[in-house]
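# here you go, sequence then predicted model.
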Amino acid sequence: MIKCLAIDDEPLALKLLADNISRIPFLELVASCDDAFAANKIMQEQSIDLIFIDIQMPGITGLQFIQSLIKKPMVIIVTAYKQYALDGFALDVMDYLMKPVSLERFMKACNKAKDFYELKQAAKNTSLAQHDYMFVNVGYSLMKISFGDITYIEGLKDYIQIHTSISPKAAVVRMSMKNVEDQLPPYFERIHKSFIININKITAIRKNSLFIAEKELPVSETYKQVIEKLLK
């Protein structure tokens with residue numbers, strides 16, 4: 001599933017955008033935001049693959065928001081202003097949709113994003129297949145951690161704790177959850193804004209939590225589909 005974010009300051013336009021997203025089977029709407037600041041907060045906490053964004057918004061425009069992103073997801077602009085199209089494509093957006101957007105045109109843009117996402121994932125998986133470990137800064141040293149040894153990762157503000165099956169002590173690393181998530185193989189899943197788990201280490205599953213050995217970890221409402229996918 002491609003995790004996406006809808007951003008528009010007009011309530012009706014935001015509702016229509018969310019409705020269109022719900023019709024696309026490979027899209028998962030993580031949140032709808034009425035300004036760029038709310039969207040930025042969510043993107044700090046969760047990994048977002050695709051954003052749908054308007055241009056004219058109070059405080060910061062859609063184009064300014066796109067420019068501010070250091071690690072940019074795929075972007076589809078949805079706007080009533082055609083004069084910004086060249087500026088949008090200069091920022092490497094996937095597509096530029098003019099309101100009102102027909103469902104056919106919306107699907108075409110989404111399919112373009114899907115093709116790009118799958119190509120990117122294939123390249124990522126090829127790269128990860130060549131390396132089954134990562135190096136992280138712990139104290140004054142670079143520590144090598146094998147992905148297969150990681151049981152779960154816990155986020156603590158500006159730090160993460162990497163728990164492994166080979167050490168009772170977690171490695172404390174100054175890194176965001178989003179950054180570490182981007183480096184992990186496909187058998188890792190995020191189940192909460194503060195937890196990423198190695199699905200191979202799961203020992204039991206409950207309705208709102210799962211276990212890794214004796215450790216019970218919460219599954220938030222946003223990530224309930226992870227449990228559904230595992231049970232299937």
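Yep, that arrived.
# distance of I197 from V173?
Separation of I197 from V173 (Cβ to Cβ, to the nearest Å) stands at 17 Å. Heads up, the C-betas are built off the backbone N, CA and C, glycines and all.
# those two: which is more packed in?
It is I197, of I197 and V173, that has more neighbours when counted by other Cβ atoms under 10 Å, with 25 against 18.
# what bits of this structure have low per-residue confidence?
123-130, 140, 232 (pLDDT under 70).
# from the centroid of it, which residue is nearest?
Residue closest to the mean C-alpha point of the chain, counted by Cα atoms, centre = their mean, is S47 at 2.0 Å.
# any buried residues in the longest helix seen in the chain, and which?
Assignment by DSSP state H gives helix 103-130 as the longest helix of the chain. Within helix 103-130, the residues that count as buried by 16 or more other Cβ atoms under 10 Å are F106, A109, C110, A113, K114, Y117.
# tell me which residues touch the first one, please.
By that I understand F106. By Cβ atoms under 8 Å, 6 or more residues apart in numbering, F106 lies in contact with N20, I24, L97.
# swap in the third one?
Listed by Cβ under 8 Å, 6+ apart, the contact set of C110 reads I24, F26, L27, I76.
# what's the neighbour count on the last one?
By that I understand I76. So I76, with other Cβ under 10 Å, has 22 neighbours.
# over to the first one?
I24 sits with 19 neighbouring residues when counted by other Cβ under 10 Å.
# residue contacts, it?
Applying Cβ under 8 Å, 6+ apart, we find I24 in contact with F106, M107, C110.
# nearest residue to the second one other than its sequence neighbours?
Sequence neighbours aside, I24 is the residue nearest to M107 in space, at 6.7 Å (criterion: Cβ to Cβ, 6 or more residues apart in numbering).
# sec struct for the one you found, please.
Secondary structure state of I24, per DSSP: H, G, I helix; E, B strand; the rest coil, is coil.
# before we move on, back to that, now, among the buried residues of helix 103-130, which is nearest to L63?
A109 (17.6 Å; Cβ to Cβ).
# tell me how far that closest one lies from L50.
Distance from A109 to L50, by Cβ to Cβ: 10 Å.
# mutual contacts of the two, please.
Here A109 and L50 have I76, M94 as joint contacts, going by Cβ under 8 Å, 6+ apart.
# determine which two of the contacts of C110 are furthest apart.
Greatest spatial distance in the contacts of C110: F26 and I76, 13.9 Å, computed using Cβ to Cβ.
# how about the CA coordinates for the helix or strand containing K3, as PDB?
Counting by DSSP states H and E, the element that carries K3 is strand 2-7. Taking Å, rounded to 0.1, in the frame of the first residue of the first chain, the C-alpha atoms of strand 2-7 are listed here in PDB:
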ATOM      1  CA  ILE A   2       1.100   3.500  -0.800                       C
ATOM      2  CA  LYS A   3       0.700   5.700   2.300                       C
ATOM      3  CA  CYS A   4      -0.500   9.200   1.400                       C
ATOM      4  CA  LEU A   5      -1.400  12.500   2.900                       C
ATOM      5  CA  ALA A   6      -4.100  14.900   1.600                       C
ATOM      6  CA  ILE A   7      -3.500  18.700   2.200                       C
END
